[in-house]
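S.K.: Based on what follows, work out the 3D shape:
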Amino acid sequence: MILARQDDRNWGNSGIAGVQTCPTWTGSDNDGGYLARFEAGARFPKHTHHGWEQIFVISGAIRFNDVEMRAGDVLQVQGSDEHEACALEETLLFVAHHGGIEIRE
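M.R.: Next up, the predicted model:
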(Lines give C-alpha, C1' and ligand atoms only; values in the text may rest on other atoms or scores of the structure.)
Protein backbone atom coordinates (compact mmCIF):
# COMPACT_ATOMS: atom_id res chain seq x y z
CA MET A 1 0.00 0.00 0.00
CA ILE A 2 1.05 3.57 -0.64
CA LEU A 3 -0.43 6.29 1.55
CA ALA A 4 -0.45 9.93 0.40
CA ARG A 5 -1.51 12.14 3.31
CA GLN A 6 -3.18 15.47 2.69
CA ASP A 7 -0.64 17.32 4.84
CA ASP A 8 2.21 15.99 2.67
CA ARG A 9 0.80 17.07 -0.68
CA ASN A 10 3.10 19.09 -2.89
CA TRP A 11 1.11 21.34 -5.25
CA GLY A 12 2.98 22.71 -8.25
CA ASN A 13 2.49 24.87 -11.30
CA SER A 14 1.17 22.80 -14.21
CA GLY A 15 2.49 25.21 -16.82
CA ILE A 16 -1.10 26.21 -17.63
CA ALA A 17 -2.39 29.49 -16.20
CA GLY A 18 -4.78 28.95 -13.31
CA VAL A 19 -4.13 25.19 -12.99
CA GLN A 20 -2.09 23.57 -10.22
CA THR A 21 -1.40 19.84 -9.94
CA CYS A 22 -0.33 17.45 -7.22
CA PRO A 23 0.82 13.94 -8.16
CA THR A 24 -0.69 11.09 -6.16
CA TRP A 25 1.09 8.18 -7.89
CA THR A 26 3.29 7.44 -10.88
CA GLY A 27 3.56 4.11 -12.62
CA SER A 28 5.38 2.83 -15.65
CA ASP A 29 4.70 3.97 -19.24
CA ASN A 30 3.46 7.42 -18.09
CA ASP A 31 0.62 5.91 -16.06
CA GLY A 32 -0.39 7.84 -12.98
CA GLY A 33 -2.82 9.86 -10.98
CA TYR A 34 -2.96 13.43 -9.79
CA LEU A 35 -5.14 16.10 -8.27
CA ALA A 36 -5.81 19.20 -10.37
CA ARG A 37 -6.97 22.51 -8.93
CA PHE A 38 -8.52 24.96 -11.43
CA GLU A 39 -9.22 28.62 -10.78
CA ALA A 40 -12.57 29.81 -12.14
CA GLY A 41 -12.19 30.45 -15.88
CA ALA A 42 -8.94 28.46 -16.21
CA ARG A 43 -8.68 26.53 -19.46
CA PHE A 44 -6.75 23.35 -20.26
CA PRO A 45 -6.06 23.32 -24.02
CA LYS A 46 -7.22 20.69 -26.53
CA HIS A 47 -5.37 17.42 -26.08
CA THR A 48 -5.47 13.66 -26.52
CA HIS A 49 -3.93 10.80 -24.57
CA HIS A 50 -1.89 7.77 -25.51
CA GLY A 51 -4.35 5.72 -23.43
CA TRP A 52 -7.47 6.21 -21.32
CA GLU A 53 -8.11 8.96 -18.78
CA GLN A 54 -10.68 8.97 -15.98
CA ILE A 55 -11.71 12.25 -14.31
CA PHE A 56 -13.60 12.55 -11.01
CA VAL A 57 -14.90 15.98 -9.95
CA ILE A 58 -14.34 16.39 -6.21
CA SER A 59 -15.72 19.92 -6.01
CA GLY A 60 -16.72 22.77 -8.31
CA ALA A 61 -17.92 22.72 -11.91
CA ILE A 62 -16.03 22.25 -15.16
CA ARG A 63 -16.83 21.71 -18.83
CA PHE A 64 -15.06 19.15 -21.03
CA ASN A 65 -15.97 20.07 -24.60
CA ASP A 66 -19.81 20.27 -24.38
CA VAL A 67 -20.11 18.14 -21.23
CA GLU A 68 -20.67 20.06 -17.98
CA MET A 69 -19.60 18.22 -14.85
CA ARG A 70 -20.17 18.90 -11.14
CA ALA A 71 -19.02 17.34 -7.87
CA GLY A 72 -19.47 13.56 -7.92
CA ASP A 73 -19.46 13.22 -11.73
CA VAL A 74 -17.00 10.88 -13.48
CA LEU A 75 -15.84 11.08 -17.10
CA GLN A 76 -14.01 8.30 -18.96
CA VAL A 77 -12.03 9.49 -21.98
CA GLN A 78 -10.47 7.20 -24.58
CA GLY A 79 -7.04 8.06 -25.99
CA SER A 80 -8.30 9.34 -29.34
CA ASP A 81 -11.02 11.57 -27.79
CA GLU A 82 -9.76 15.14 -28.30
CA HIS A 83 -10.98 17.34 -25.46
CA GLU A 84 -10.37 20.56 -23.61
CA ALA A 85 -11.49 21.75 -20.17
CA CYS A 86 -12.80 25.08 -18.91
CA ALA A 87 -13.49 25.60 -15.20
CA LEU A 88 -16.89 27.22 -14.64
CA GLU A 89 -15.92 27.90 -11.02
CA GLU A 90 -13.05 26.94 -8.74
CA THR A 91 -12.75 23.17 -9.27
CA LEU A 92 -10.85 20.23 -7.79
CA LEU A 93 -10.40 17.03 -9.81
CA PHE A 94 -8.82 13.64 -9.36
CA VAL A 95 -7.42 12.28 -12.62
CA ALA A 96 -6.11 8.77 -13.31
CA HIS A 97 -4.54 7.98 -16.68
CA HIS A 98 -2.82 5.31 -18.71
CA GLY A 99 -0.13 6.68 -20.98
CA GLY A 100 1.00 10.20 -21.75
CA ILE A 101 -0.70 13.32 -23.09
CA GLU A 102 -0.38 15.24 -26.38
CA ILE A 103 -1.37 18.93 -26.47
CA ARG A 104 -3.05 19.76 -29.80
CA GLU A 105 -2.94 23.56 -29.80
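S.K.: Need the residue closest to the centroid of the protein.
M.R.: When the chain is reduced to its mean C-alpha position, the closest residue under C-alpha atoms, centre = their mean turns out to be Val95, at 4.6 Å.
S.K.: if I pick His47, what's in contact with it?
M.R.: With contact taken as C-beta atoms under 8 Å, 6 or more residues apart in numbering, His47 is in contact with 82-84, 101-104. (C-beta placed from N, C-alpha, C; glycine too.)
S.K.: now do 7 Å
M.R.: Contacts for His47 (C-beta atoms under 7 Å, 6 or more residues apart in numbering) come out as 83, 101-104.
S.K.: Of these, keep whichever come out buried.
M.R.: When those are checked for burial by 16 or more other C-beta atoms under 10 Å, the buried set is His83.
S.K.: could I get the contacts of His47 as JSON lines with distance to Phe56, pLDDT and secondary structure?
M.R.: Formatted as JSON lines, the entries for those read as follows, by distance: C-beta to C-beta, whole Å; pLDDT from 0 to 100; DSSP: H, G, I helix; E, B strand; the rest coil:
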{"residue": "His83", "distance to Phe56": "15", "pLDDT": "93", "secondary structure": "strand"}
{"residue": "Ile101", "distance to Phe56": "17", "pLDDT": "83", "secondary structure": "strand"}
{"residue": "Glu102", "distance to Phe56": "22", "pLDDT": "86", "secondary structure": "strand"}
{"residue": "Ile103", "distance to Phe56": "22", "pLDDT": "85", "secondary structure": "strand"}
{"residue": "Arg104", "distance to Phe56": "23", "pLDDT": "86", "secondary structure": "coil"}
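S.K.: Among the contacts of His47, which one sits closest to His49?
M.R.: Within these, the smallest distance to His49 is 5.5 Å, found for Ile101 (C-beta to C-beta).
S.K.: for that closest one, which residues make a bridge with it?
M.R.: With DSSP bridges applied, Ile101 shows beta-bridge pairing to His49.
S.K.: any idea how far Ser14 is from the residue lying closest to Asp31 once chain neighbours are set aside?
M.R.: Of all residues beyond its chain neighbours, the one nearest Asp31 is His98 (5.2 Å), with distances taken as C-beta to C-beta, 6 or more residues apart in numbering. Distance of His98 to Ser14, given as C-beta to C-beta, to the nearest Å: 19 Å.
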